[in-house]
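1. fold the following.
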Amino acid sequence: MGKSKRNSMKRYVQSGMLVLVVLCVSCIDKTIEKENQDQQSKKQVTAKDILGNPDYLAISYGGYREITRDSQPTVKDIKEDMRLLSAMGIKMLRTYNVQLPHAGNVLKAIQALKAEDPDFEMYVMLGAWIDCKNAWTDKEPDHTVESEQNEGEIARAVAMANKYPNIIKVIAVGNEAMINWATSYYVQLAVILYWVIHLQELKKNGALPKDLWITSSDDFASWGGGEESYHTEDLEKLIKAVDYISMHTYPYHNSHYNPEFWGVPTGEDTLSDIEKINAAMLRARDFAKNQYEAVTNYMKNLGVEKPVHIGETGWATISNGFYGPEGSKATDEYKEALYYKHMREWTNTEGISCFYFEAFDERWKDAGNPKGSENHFGLFTLDGRAKHAIWSQVDSGMFKGLTRNGNPITKTYNGDREALMKDVLVPPKAEEKSIAD
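-> The predicted structure follows:
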């Protein structure tokens, strides 16, 4: 081959290699660009995208295992829980305070899981606990003055929201802090309004992420869905100040306190026991729907249009008090399973987020009474047994390889439905009054 031909061939090869390099660089650039876009897309998920979206199921979460909150769950414990909840399709958690390490450990656990798997998604509605003066002390609570601890609680919530902007999507000012039956700690509505406005101002000034949503999470009555005593000018201002309303509804508790919907009405006397129970649970769902509609209607009557979501609702599985065998007979795993199913179906269909209460049993809530209902609202027991509401998810293999406290996920009652049904009680006749222990 002549020299000119060799040079020509060399230039041709070099030219071809240059084209290949350019193509490879272009492909790499496009891949990097797509990865950046995907990452940016994940970072831009906001409360507006999450709330009301059935692809982002919500739940209330407390990871406490022991009889006292002095024993805090570790990041390792919480990561174990997060994997279980993620397997269920849960992507939005609600926490309650930033006074204790728990919320911070939840955020650390989620961040660690995201570092291990960039596709892991979990977001947080961060609760800032609000009290009145002398709450939880040996002094008489002063409901006209707020606790001096509130300012620090809000400051901690702000710091966390700025540290974890890709995880914290909502700050909730207070938990049932406006409802008058919370006699240990409730505050005047003006206190909640003050702190909500404070956080909204921080957003405007760039001191909080602009897409962070601010609310308060409280009983339906506090949001105007009940007695007129709550229909105040401050409530109107609060409804206009929050980004959405987070309301609580508990047919379970009302099976004792307002049992008109509960029990077996005369027209259902001839139904079988299981039919009586099923009918009662549909009425429980409708009770929750009515409270939701009452809040929504009150808001609209004020000329306000914004989302209303359910910040808390649930059904306990054990009770030796108002709701147990000597009371309303509302309590067992079969009824919890029905309530969970009904509430998820309704809220998912209607585009309502439901922070179901709660993920796991916690035994510190009624430490002196192991069978107290407050200890038994979880979908999982303390040791990781799945209650009847999620037996089907165990059957599907959803929790394969996952654990709680090191225990593989199994079913309560060893999966024996017949044994479970022996603990299921028929609600009393409607005219009968619930009896406390």
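2. can you give me the helices for the chain?
-> Under the criterion DSSP state H, the chain carries helices at the ranges 3-43, 47-50, 75-87, 101-116, 150-163, 189-204, 233-241, 251-257, 273-301, 333-350, 391-395, 417-421.
3. what residues of the third one count as buried?
-> Across helix 75-87, burial judged by 16 or more other C-beta atoms under 10 Å covers 75, 77-87. Yep, even glycine has a C-beta here, placed from its N, CA and C like the rest.
4. what does it contact?
-> 59, 61, 63, 65, 73, 93, 105-106, 108-110, 112-113, 120-122, 359-360, 380, 393, 398-399, 402-405, 409 (C-beta atoms under 8 Å, 6 or more residues apart in numbering).
5. could I get it in PDB with only the CA atoms?
-> Provided in PDB are the C-alpha atoms of helix 75-87 (Å, rounded to 0.1, in the frame of the first residue of the first chain):
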ATOM      1  CA  VAL A  75     -32.100   4.600  63.600                       C
ATOM      2  CA  LYS A  76     -31.600   0.800  63.000                       C
ATOM      3  CA  ASP A  77     -35.000   0.100  64.500                       C
ATOM      4  CA  ILE A  78     -36.700   2.800  62.400                       C
ATOM      5  CA  LYS A  79     -35.000   1.600  59.200                       C
ATOM      6  CA  GLU A  80     -36.600  -1.800  59.800                       C
ATOM      7  CA  ASP A  81     -40.000  -0.200  60.200                       C
ATOM      8  CA  MET A  82     -39.500   2.000  57.100                       C
ATOM      9  CA  ARG A  83     -38.800  -1.000  54.900                       C
ATOM     10  CA  LEU A  84     -42.000  -2.600  56.100                       C
ATOM     11  CA  LEU A  85     -44.100   0.500  55.400                       C
ATOM     12  CA  SER A  86     -42.400   1.100  52.100                       C
ATOM     13  CA  ALA A  87     -43.300  -2.500  51.100                       C
END
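6. show me what the mean pLDDT comes to for stretch 156-163.
-> Model confidence over stretch 156-163, given as mean pLDDT, is 98.
7. list the contacts of it.
-> By C-beta under 8 Å, 6+ apart, the list of residues contacting stretch 156-163 reads 98-99, 103-104, 107, 126, 128, 168, 171, 199, 202, 207-209, 212.
8. so Ser319 makes contact with Phe377?
-> No. Look at Ser319 against Phe377 with C-beta atoms under 8 Å: they stay out of range, at 10.3 Å.
9. follow-up on the earlier one: figure out which of the helices of the chain is closest to Gly372.
-> Taking C-beta to C-beta as the measure, these were each checked against Gly372, and helix 251-257 came out nearest at 13.0 Å.
10. against Gly303, how distant is Phe377?
-> Here the distance between Phe377 and Gly303 works out to 36 Å (C-beta to C-beta, to the nearest Å).
11. what about these two, which has more around it?
-> For Phe377 against Gly303, the residue with the higher neighbour count under other C-beta atoms under 10 Å is Phe377, and the figures read 24 against 8.
12. let me see the contact set for Val173.
-> 128, 130, 154, 192, 195-196, 199, 214-216.
13. for these, give me a markdown table that also has neighbour count and distance to Phe355.
-> Output for these, formatted as a markdown table (neighbours: other C-beta atoms under 10 Å; distance: C-beta to C-beta, whole Å):
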| residue | neighbour count | distance to Phe355 |
| --- | --- | --- |
| Ala128 | 29 | 16 |
| Ile130 | 27 | 18 |
| Ile154 | 21 | 21 |
| Ile192 | 26 | 18 |
| Trp195 | 23 | 20 |
| Val196 | 22 | 18 |
| Leu199 | 24 | 19 |
| Ile214 | 23 | 16 |
| Thr215 | 28 | 11 |
| Ser216 | 29 | 14 |
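14. strands of the stretch 301-437 of the chain, start to end?
-> With DSSP state E, counting those that start in this stretch as the definition, the stretch 301-437 of the chain shows strands at residue ranges 308-313, 354-356, 385-386, 403-404, 407-408, 410-411.
15. quick one: Leu113 and Leu107 touch, right?
-> No. The pair Leu113 and Leu107 fails to qualify as a contact (C-beta under 8 Å) at a distance of 10.9 Å.
16. in terms of neighbours, single out the busier of those two.
-> Regarding Leu113 and Leu107, a neighbour count based on other C-beta under 10 Å identifies Leu107 as having more, with 23 against 18.
17. for Thr95, see how far away the nearest residue to Val170 once chain neighbours are set aside is.
-> Using C-beta to C-beta, 6 or more residues apart in numbering and skipping residues adjacent in sequence, the residue nearest Val170 is Met125, 4.0 Å away. From Met125 over to Thr95 the distance is 7 Å, taken as C-beta to C-beta.
18. more crowded one of these two?
-> Between Met125 and Thr95, counting by other C-beta under 10 Å, Met125 is the more crowded of the two (28 against 24).
19. give the contact list for the more buried one.
-> The contact partners of Met125, by C-beta under 8 Å, 6+ apart, come to 58, 92-95, 169-172, 217, 246, 311, 355.
20. redo that, cut-off 7 Å
-> For Met125, the set of contacting residues under the criterion of C-beta atoms under 7 Å, 6 or more residues apart in numbering consists of 92-94, 169-170, 172, 355.
21. just Ile318 next, same as before
-> By C-beta under 7 Å, 6+ apart, the residues touching Ile318 are 331, 371, 373, 376.
22. how deep is the first one tucked in, by neighbour count?
-> By the other C-beta under 10 Å criterion, the neighbourhood of Thr331 contains 27 residues.
23. please apply the same query to the last one.
-> The number of residues packed near His376 is 25, by other C-beta under 10 Å.
24. now do the same for it: its pLDDT.
-> Residue-level confidence at His376 comes out at 98, pLDDT.
25. that one against Ala316, yeah?
-> Yes. Judged on C-beta atoms under 7 Å, His376 makes contact with Ala316 at a distance of 4.8 Å.
26. just to revisit the earlier point, so which of the contacts of stretch 156-163 comes closest to Gln44?
-> Here the nearest of the contacts of stretch 156-163 to Gln44, counting by C-beta to C-beta, is Pro209; it sits at 10.9 Å.
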